[in-house]
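Asks: this one's structure only:
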């Protein structure tokens, strides 16, 4: 599935991913390929991404929104800090 992460300032990430774990307002949840369509607000917390090649990335966000539709995930986030893992 494809993921795009956008902040008001710039595009943070765009590419193929295996999973995305987000801090939803009602609790953390994970989005995988073929997930049902969803729109949710995000709380302050950590977004974890597993890219198509297995590489892990994490982003600390202050809040925002996530939308999943037809294996396209869009994250609109504020206050982003990035770190990459091996």
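Replies: Everything's here; your move. Computed from a predicted structure; not experimentally measured. Numbers count the residues shown, from 1 in each chain.
Asks: okay, CA-based contacts and neighbour counts for the rest of this
Replies: Will do.
Asks: can you check which strand is longest in the protein?
Replies: As assigned by DSSP state E, the longest strand anywhere in the chain is strand 11-24.
Asks: now the element after that strand, going C-ward?
Replies: Next helix or strand after strand 11-24 toward the C-terminus (DSSP states H and E): strand 27-32.
Asks: in the protein, which spans are strands?
Replies: So, for the chain - with DSSP E - the strands run 2-6, 11-24, 27-32, 38-42, 45-51, 56-61, 63-69, 72-78, 81-84.
Asks: what about the nearest residue to residue 81 once chain neighbours are set aside, neighbour count?
Replies: Spatial nearest neighbour of residue 81, chain neighbours left out: residue 60 (5.1 Å); criterion: Cα to Cα, 6 or more residues apart in numbering. Counted with other Cα atoms under 10 Å, residues neighbouring residue 60 total 19.
Asks: which residues does residue 60 contact?
Replies: 44, 45, 46, 47, 79, 80, 81, 82 (Cα atoms under 8 Å, 6 or more residues apart in numbering).
Asks: returning to that earlier point: contacts for the longest strand of the chain?
Replies: In contact with strand 11-24 (Cα under 8 Å, 6+ apart) are residues 1-6, 28-33, 40-54.
Asks: average pLDDT for it, rounded please.
Replies: The average pLDDT within strand 11-24 is 96.
Asks: going through the contacts of strand 11-24, which ones are buried?
Replies: Neighbour-count burial (16 or more other Cα atoms under 10 Å) applied to these gives 1-6, 31, 33, 40-51.
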